[in-house]
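1. sequence isn't available, so here's the structure alone:
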Ligand code: TYM
């Protein structure tokens, strides 16, 4: 399983809502497509999810759902270590150490923090939300990942991760690999179908905002057919705000077909927006159908998911604990002389 010649990647998705085709095209699809190129670590980041309020029952259920979707999308547990973030205590421990190295100014500058904080009452914004990117840095640095396959919205968090790794290495000596963001060419920023000027998000309300990975084909088709476009006729890739709807549909199409801009524009020459929407719906449904079939098969196989997650946690812990031990030593923590657990009877 561990092939030292391969570079290591790590990424994660929050179990905080229904996964959208944005999560799929910006992240999951590329994890799957590139799983033979890398040594792979993919976690379900439940510690991140509680930076905003979550219902406990629902969080547990979504955590299972997202782990199953990783495999349903095509991740092979023989090739990828799939695990739940909270199963590895080292994430929270390293996050604390990195928190102590994080200037408040760096965290206050994060645009995702500002956006999410702006949606809440000022006095209910948690320190967890501010520290979100530090925990993300801990996820990545614990595994000494070279690459982090994510969508475009994570670029700034990756920069912060690199800054924190460099800062730690500078103060305490070379410890962490400096990771790079791996951002796809097409699909890195899928926009809302109802509002193509804002990012498609699992937390945005609206019946026609997003296609979810578990949407039945008819629901997916209906949402795409109702996508906001413009009053023109031209089917071209464009950065103009007024063409954002058409551009978004073309981008979704491109992320799934891998065709070039020129080939796609040529294939829609002389056609209307209705034809474009039909074509997009077809490729989206063709991608979702096998994924949904595998998802239901997986959940029917009693104990399988739990076994994959247990194996994943064991493999992840081995690597994470090695890094954490080195970090604690460099920071100056006294190595414990006891064996865990201490005072079990207390
Ligand atoms: P989350 O759950 O918000 O998003 C998961 C992944 O989906 C990508 N994504 C999108 N890509 C394209 N278009 C969209 N509309 C879209 N919406 C979401 C995100 O860029 C992300 O890759 N902070 C991370 C979770 C995380 C993480 C990590 C990632 C925690 N620790 C360590 C990598 C490494 C996040 O955004 O989750």
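-> That came in fine, so what should we check first? What you see is a predicted model; the values in this text were computed from it and never measured. Numbering: from 1, shown residues only.
2. what is the subsequent helix or strand relative to the helix or strand of the chain with the lowest mean pLDDT?
-> The helix or strand of the chain with the lowest confidence, counting by mean pLDDT, DSSP states H and E, is helix 111-118 at a mean of 94. Later in the chain than helix 111-118, the nearest helix or strand by DSSP states H and E is helix 127-142.
3. does the ligand have contacts with that next one?
-> Yes - using CB under 6 Å from any ligand atom, helix 127-142 reaches the ligand at 136, 139, 140. The C-beta positions use only the backbone N, C-alpha and C, and glycine is treated the same way.
4. what's the residue in the stretch 101-250 of the chain positioned nearest to the ligand in contact with, if anything?
-> Closest residue of the stretch 101-250 of the chain to the ligand, CB to the nearest ligand atom: residue 151 (2.5 Å). Residues near residue 151 by CB atoms under 8 Å, 6 or more residues apart in numbering: 22, 23, 26, 27, 183, 184, 187, 188, 189, 190.
5. same thing with residue 198?
-> Applying CB under 8 Å, 6+ apart to residue 198 gives the contacts 191, 192, 204.
6. and if we set it to 7 Å?
-> 191, 192 (CB atoms under 7 Å, 6 or more residues apart in numbering).
7. among the contacts of residue 151, which are located in helices?
-> Among the contacts of residue 151, the ones falling in helices (DSSP state H) are 22, 23.
8. quick one: the contacts of residue 151 as TSV, columns for distance to the ligand and neighbour count too.
-> Below are the contacts of residue 151 laid out as TSV (distance: CB to the nearest ligand atom, whole Å; neighbours: other CB atoms under 10 Å):
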residue	distance to the ligand	neighbour count
22	3	23
23	4	25
26	2	27
27	4	26
183	8	20
184	8	19
187	6	23
188	6	21
189	5	18
190	4	26
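9. out of the contacts of residue 151, which one sits closest to residue 294?
-> residue 23 (16.7 Å; CB to CB).
10. can you mark which positions in stretch 231-251 are buried?
-> Neighbour counts over stretch 231-251 (16 or more other CB atoms under 10 Å) mark 235, 243, 244, 245, 246, 247, 248, 249, 250, 251 as buried.
11. widest-spaced pair of these?
-> Pairwise distances across those peak at 13.6 Å for 235 and 244 (criterion: CB to CB).
12. skipping adjacent residues, who's closest to residue 111 in space?
-> Among residues not flanking residue 111 along the chain, residue 156 sits closest, at 6.1 Å (CB to CB, 6 or more residues apart in numbering).
13. all helices for this protein, in order.
-> Assigned by DSSP H, the chain shows helices spanning 21-23, 29-33, 46-49, 56-72, 90-99, 104-108, 111-118, 127-142, 155-172, 217-225, 244-257, 261-267, 273-300, 304-331.
14. pretty sure the residue nearest to residue 111 contacts residue 109?
-> No - using CB atoms under 7 Å, residue 156 is not in contact with residue 109; the gap is 8.2 Å.
15. who's more crowded, these two?
-> residue 156 (16 against 12; other CB atoms under 10 Å).
16. please convert the contacts of residue 151 to CSV, extending it with pLDDT and distance to residue 256.
-> Putting the contacts of residue 151 into CSV (pLDDT from 0 to 100; distance: CB to CB, whole Å) gives the following:
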residue, pLDDT, distance to residue 256
22, 98, 13
23, 98, 14
26, 98, 13
27, 98, 14
183, 98, 17
184, 96, 12
187, 95, 8
188, 97, 14
189, 97, 15
190, 98, 11
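17. can you tell me what sits against stretch 38-57?
-> By CB under 7 Å, 6+ apart, the list of residues contacting stretch 38-57 reads 2-3, 6-16, 31, 59, 63, 66-67, 70, 75, 79-86, 91-92, 126, 128-129, 132, 135, 139, 143, 145, 147, 316.
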